[in-house]
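*Asks:* everything below, folded, please.
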Amino acid sequence: MHIADVVFIYQMKTERELDWHGRFHSHEAGHFEFHYFLQGEGSFLNNRVSRTIRKGSLFLCLPGEHHRIQAEDRNRPISYYAVLFSLNDQEGDVRGLLHRCSSQFDGIQIGTTYRFFFEQIKERGMSPSENLRRSAEHQLLSFIYTQAEGADAPQYGDEGNYHIEKALRIMQNMVFDHITLEALAARLRLDPSYVVRLFRKKMNISPMKYYTKLKVEAASSMLINTDQTVGAIAEKLCFSSEFHLSRTFKQHTGLAPSHYRVQYTQHLV
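*Replies:* Residues are numbered from 1 along each chain as shown. Model (predicted):
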């Protein structure tokens, strides 16, 4: 297995986002794609069969299948994870399983407690570390096999995973606000130092660095999908100044916001 891309789309609601995600498209030959929806209202059209998007719904697109995401209410914008992956020649059994059981992944309700699972797939699957990428591939294979059996997909039994799941939900829902480590820990009813240790153990990153990364991802989307100035984006994301956002953005992406906008907007045209 090869995980080609994993993205988290937070509250798609601008015209460009709606047009881009609402286009009827397919991926390269041999690529499968999971979509896991966390919030919002709309429909998922796959090979012209439409299914209602609900919180916690999961969809699978087989190679060559055309699909689109249609939002219905901008006051309830859609947030979701998308995982694009392919299988090697030795994984014909997995390929056959996905084709045979594709209907079991067609809008199935798996609940909203898989945020941590898909976030791990994103962080590990896109990591420069080969070991972490392989770890994500094995996690995804386990998910496929257990779902095909109709069993509950990967369960995180220890209490630490429950706290991470809740922390991710809080921070993802507060991208356009500001929360401190102390405030996050208070909402989790945990000691701040324990939250830091937990994140480093489970996510390989500190909670505040993860929160900053979320804001940079949101800024990236706004740069591409809106005409707002860098200063306006900085203000909306609660950065102390335009310079603060620009410096942070370049640390994470290697590009200044203005250069990022020029380079990546063309991909949406």
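*Asks:* the stretch 51-200 of the chain: strands as residue ranges?
*Replies:* Counting by DSSP state E, counting those that start in this stretch, the stretch 51-200 of the chain has strands at residues 57-61, 67-71, 78-86, 106-109.
*Asks:* what's the closest non-adjacent residue to residue 252?
*Replies:* Here the nearest residue to residue 252 in space, its sequence neighbours aside, is residue 216; by C-beta to C-beta, 6 or more residues apart in numbering that works out to 4.5 Å. Any C-beta I mention is one placed from the backbone N, CA and C, and that applies to glycine too.
*Asks:* show the pLDDT at that neighbour.
*Replies:* Predicted confidence (pLDDT) for residue 216: 91.
*Asks:* and residue 173, how far from residue 179?
*Replies:* 10 Å (C-beta to C-beta, to the nearest Å).
*Asks:* got the contact list for residue 122?
*Replies:* 6-8, 81, 83 (C-beta atoms under 8 Å, 6 or more residues apart in numbering).
*Asks:* now the helices for this structure?
*Replies:* Secondary structure of the chain by DSSP state H: the helices cover 15-21, 92-100, 115-125, 130-148, 159-173, 181-188, 192-202, 207-225, 230-236, 242-253, 257-265.
*Asks:* and these, which one is worst for confidence?
*Replies:* Looking at those, the weakest mean confidence is helix 15-21, a mean of 74.
*Asks:* contacts for that helix next, please.
*Replies:* With C-beta under 8 Å, 6+ apart as the criterion, helix 15-21 contacts 9, 12, 68-69, 71, 221, 224-226, 268.
*Asks:* same check, this time on stretch 136-143
*Replies:* So stretch 136-143 is contacted by 1-3, 83, 85, 94, 117, 120-121, 124-125, 127, 153-154 (C-beta under 8 Å, 6+ apart).
*Asks:* try stretch 99-114
*Replies:* So stretch 99-114 is contacted by 34, 36, 38, 44, 46, 49, 51-52, 54-60, 62, 98, 147-148, 150, 153, 165 (C-beta under 8 Å, 6+ apart).
*Asks:* could I have the ChimeraX command that selects the buried members from those residues?
*Replies:* Those of the contacts of stretch 99-114 that count as buried under 16 or more other C-beta atoms under 10 Å are selected in ChimeraX with:
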select :34,36,38,44,46,56,57,58,59,60,62,98,147,148,153,165
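*Asks:* can you list the buried residues in the top strand by length along the chain?
*Replies:* Among the segments of the chain that qualify as a strand by DSSP state E, the longest is strand 2-12. By neighbour count on 16+ other C-beta under 10 Å, the buried set for strand 2-12 is 3-4, 6, 8-12.
*Asks:* any chance of those in JSON lines, plus distance to residue 183?
*Replies:* Shown next, in JSON lines, are those (distance: C-beta to C-beta, whole Å):
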{"residue": "3", "distance to residue 183": "34"}
{"residue": "4", "distance to residue 183": "37"}
{"residue": "6", "distance to residue 183": "28"}
{"residue": "8", "distance to residue 183": "22"}
{"residue": "9", "distance to residue 183": "26"}
{"residue": "10", "distance to residue 183": "20"}
{"residue": "11", "distance to residue 183": "21"}
{"residue": "12", "distance to residue 183": "27"}
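*Asks:* make JSON lines out of these and add distance to residue 21 and pLDDT.
*Replies:* Formatted as JSON lines, the buried residues of strand 2-12 follow (distance: C-beta to C-beta, whole Å; pLDDT from 0 to 100):
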{"residue": "3", "distance to residue 21": "20", "pLDDT": "95"}
{"residue": "4", "distance to residue 21": "18", "pLDDT": "93"}
{"residue": "6", "distance to residue 21": "16", "pLDDT": "91"}
{"residue": "8", "distance to residue 21": "13", "pLDDT": "86"}
{"residue": "9", "distance to residue 21": "7", "pLDDT": "84"}
{"residue": "10", "distance to residue 21": "12", "pLDDT": "80"}
{"residue": "11", "distance to residue 21": "12", "pLDDT": "77"}
{"residue": "12", "distance to residue 21": "6", "pLDDT": "73"}
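*Asks:* what is the mean pLDDT for stretch 32-44?
*Replies:* 90.
*Asks:* any idea how far that stretch is from the chain center?
*Replies:* 11 Å (C-alpha atoms, centre = their mean, to the nearest Å).
*Asks:* about what we covered before: of the strands of the stretch 51-200 of the chain, which approaches residue 257 most closely?
*Replies:* Comparison of the strands of the stretch 51-200 of the chain against residue 257 by C-beta to C-beta identifies strand 78-86 as nearest, at 22.6 Å.
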